[in-house]
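K.L.:
what would the 3D arrangement of this be:
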Amino acid sequence: MSVALTAALKSKISKKFTLTGLVLKADASSYLTELLLPLSEQQRTEWIKKIVDAVLKLNLETSIVSKKEAEAAVTDCTTGDDEGDEASMLQIISAFKTPRFFYNSERKKFLSATELALPPPSLFDHPDEKARVFIRRYDVIRQRVLRHKLFHSMAGIGPAMSSHEVKLKLSTIEYLLTVRSTLTDVFVLGMLVRLKENKLFLEDPTGVVPLEYSNARYGSGIITEGCIVLVEGAFVDGTLHVKTFGHPPIEVSEETRHQFGNINFFGGILKTSAKFSTRLKKMEKSNGGAMFVFCSDVWLDKKETIDKLRMMFIGYNDSPPVAFVFCGNFLSASYGKKTFQKLTESMKNFAKLLLEFRALFRISKLVLIPGPSDVSMSAVVYPKPEFPGMIQSLLSKCENVVFATNPCRIQYCTQEIVVYREDLLHRMFRNSVHLPDVNVQSMPSEMVKCVLSQAHLSPLPLHVSPVYWGFDHSLRLYPIPDVLVLADKCDGFTASNSGTIALNPGTFATGHFPFKVYFPASRELEDSRIGQD
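P.N.:
Residues are numbered from 1 along each chain as shown. Got it, this is the predicted structure:
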């Protein structure tokens with residue numbers, strides 16, 4: 001092999017590692033170059049990616065990769081068995097078992113709670129954890145913004161700069177507050193908060209600054225209090241005069257995984273992300289007829305709902321879906337002191353219906369996700385636990401019934417599905433800073449843009465949408481999923497953004513009993529309904 005070819009390969013390997021924030025030591029670079037030199041160009045590219053992904057899985061103390069660590073990565077690539085079998089094809093993941101990964105700015109990677117030696121979360125955490133909720137949301141978005149093509153790879157602490165390549169820098173609020181002169185064209189990333197009545201502020205981990213935004217322009221997407229936004233403006237006399245508000249750019253799933261390797265952010269029994277499993281990919285393609293049925297507001301206290309569900313089950317008897325995913329609320333109204341009694345009666349009737357279709361539910365799973373008003377340990381705080389044991393016992397004779405949390409995660413082969421039942425659009429309207437000037441039918445798409453940009457299911461203040469501080473990570477959308485089910489009481493919709501298919505099945509127990517059917521192999525979505533007799 002020529003010296004030029006060897007040097008070119010060594011440079012290519014080093015660049016790939018540099019793109020992920022890693023630096024190869026000389027002996028490691030030489031080792032990998034010698035190892036990959038006999039391969040074809042295509043094989044080299046594939047193996048470099050595999051090795052980089054394997055290195056990212058290692059518990060590195062620094063960003064410098066030694067020969068020993070490179071050898072460990074190669075061993076993992078050559079001997080590691082491909083994960084994924086029939087047992088891991090379908091997983092329903094509780095919000096309380098979502099993996100805890102937090103971004104480390106020094107090492108430029110996500111570290112697990114175990115690596116950080118963090119104690120397990122609690123429903124009643126220390127008050128310090130409340131502040132960490134927003135810092136961790138901010139860290140996820142900030143690292144994403146800094147890697148965007150419009151920004152430099154490293155954070156700036158001074159005013160925004162531009163060049164012929166239109167590269168920008170973020171300024172911290174702390175920096176703004178230390179400068180006495182006027183600053184123009186600054187870019188700041190921060191959270192919108194109201195610390196005084198009718199007065200909006202921008203806050204980041206370094207400080208808070210008042211905003212003057214009467215002449216501001218807005219990007220797409222609903223902007224609410226609690227959103228982390230990119231602000232362009234001028235800092236004058238202690239106030240940030242806003243020229244433009246905008247959501248942080250969304251990062252597609254492939255880019256996230258390219259940056260951080262095969263970390264299993266999603267959860268489940270697999271050690272690495274299902275996206276990297278060759279076996280699961282083959283299973284997904286071979287099951288072309290596999291489908292998921294999504295319904296929301298399945299009011300079991302209404303006889304007509306039971307009748308329509310019977311019609312649905314008859315229709316799917318000959319071609320069972322992978323799963324029926326039913327979201328609450330499961331009662332049409334509150335019955336006061338008799339709510340639990342009414343839910344018990346309704347679940348007993350539902351159990352009788354399910355037992356009529358034993359053959360169907362030997363194959364299909366039934367996933368039940370509580371709605372905002374359903375009986376639970378907590379009616380208003382998320383993540384919401386599954387139904388209590390007394391309710392679950394009513395369906396104990398029914399096969400394949402899974403009582404899930406709200407939100408919950410579903411992994412089918414290589415695809416990641418997040419299901420969240422909340423009247424989110426209404427909450428966003430009531431707490432909006434800006435609503436896009438679009439027609440009503442397009443508003444759900446603007447909500448989806450907001451949620452994906454914020455990488456969070458509920459980008460709202462805690463007093464509006466309370467969460468258990470220690471489990472806020474369970475509402476995180478990073479990497480963004482393949483399918484996002486935002487079950488809402490508003491009309492059903494379908495929207496696509498950055499590779500994510502977002503949908504709302506609509507309220508099942510009204511009108512023509514609408515529901516949505518998703519086909520993973522083709523990534524197609526079908527609107528369905530059960531009409532009137």
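
K.L.:
and for Y138, the neighbour number?
P.N.:
18 (other C-beta atoms under 10 Å). Heads up, the C-betas are built off the backbone N, CA and C, glycines and all.

K.L.:
and it, how far from L195?
P.N.:
Separation of Y138 from L195 (C-beta to C-beta, to the nearest Å): 17 Å.

K.L.:
same question for E115.
P.N.:
35 Å.

K.L.:
and these two? Which one has more around it.
P.N.:
E115 (14 against 10).

K.L.:
so that one makes contact with N59?
P.N.:
Yes. Using C-beta atoms under 8 Å, E115 is in contact with N59, at 6.0 Å.

K.L.:
buried residues in stretch 249-269?
P.N.:
Using 16 or more other C-beta atoms under 10 Å as the test for burial, stretch 249-269 gives 249-251, 253, 255-257, 259-268.

K.L.:
same deal with stretch 386-401?
P.N.:
386-387, 391, 394-395, 398-399, 401.

K.L.:
can you check stretch 433-448 too?
P.N.:
In stretch 433-448, counting by 16+ other C-beta under 10 Å, buried: 433-434, 436, 443-448.

K.L.:
out of the residues you listed, which one sits closest to D423?
P.N.:
Of all these, M447 has the smallest distance to D423: 11.3 Å, by C-beta to C-beta.

K.L.:
leaving out sequence neighbours, find the closest residue to F17.
P.N.:
The shortest distance from F17 to any non-neighbouring residue, by C-beta to C-beta, 6 or more residues apart in numbering, is to L24 (5.1 Å).

K.L.:
show me the contacts for that neighbour.
P.N.:
13-14, 17, 32, 65, 70 (C-beta atoms under 8 Å, 6 or more residues apart in numbering).

K.L.:
pull the most distant pair out of these.
P.N.:
S14 and A70 (11.9 Å).

K.L.:
follow-up on the earlier one: so which of the buried residues of stretch 249-269 are in strands?
P.N.:
Judged by DSSP state E, the subset of the buried residues of stretch 249-269 located in strands is empty.

K.L.:
now P321. Its backbone dihedrals?
P.N.:
phi -70, psi 170 (degrees, to the nearest 10).

K.L.:
now this structure, which segments are flagged as low pLDDT?
P.N.:
1, 78-85, 152-166, 379, 532-533 (pLDDT under 70).

K.L.:
setting aside sequence neighbours, what's the nearest residue to the most centrally placed residue in the chain?
P.N.:
For the chain, the residue nearest the mean C-alpha position is L477 (1.4 Å; C-alpha atoms, centre = their mean). Take L477 and drop its neighbours on the chain: the residue closest to it by C-beta to C-beta, 6+ apart is A455, 5.0 Å away.

K.L.:
next: L331.
P.N.:
D301 (5.1 Å).

K.L.:
that neighbour belongs to a helix, doesn't it?
P.N.:
No. Per DSSP: H, G, I helix; E, B strand; the rest coil, D301 lies outside any helix segment and is coil.

K.L.:
residues touching S40, list them.
P.N.:
Counting by C-beta under 8 Å, 6+ apart, there are no residues that S40 touches.

K.L.:
scratch that, F350 is what I was asking about
P.N.:
300, 306, 309, 395.

K.L.:
and for A113?
P.N.:
By C-beta under 8 Å, 6+ apart, the neighbours of A113 are 100-102, 120.

K.L.:
would you show me how to pick out the buried ones of those residues in PyMOL?
P.N.:
With 16+ other C-beta under 10 Å as the criterion, this PyMOL line picks the buried residues out of the contacts of A113:
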select buried, resi 100+101+102
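
K.L.:
one step back: the residue nearest to L331 and S332 touch, don't they?
P.N.:
Yes. The criterion here is C-beta under 8 Å, and D301 meets it with S332 at 5.6 Å.

K.L.:
next, the residue nearest to L486 when sequence neighbours are not counted: phi, psi?
P.N.:
Among residues not flanking L486 along the chain, N504 sits closest, at 5.4 Å (C-beta to C-beta, 6+ apart). Note on N504: backbone dihedrals following degrees, to the nearest 10 are phi -130, psi 120.

K.L.:
quick check: N504 touching F493?
P.N.:
Yes. Counting by C-beta under 8 Å, N504 touches F493, with 5.1 Å between them.
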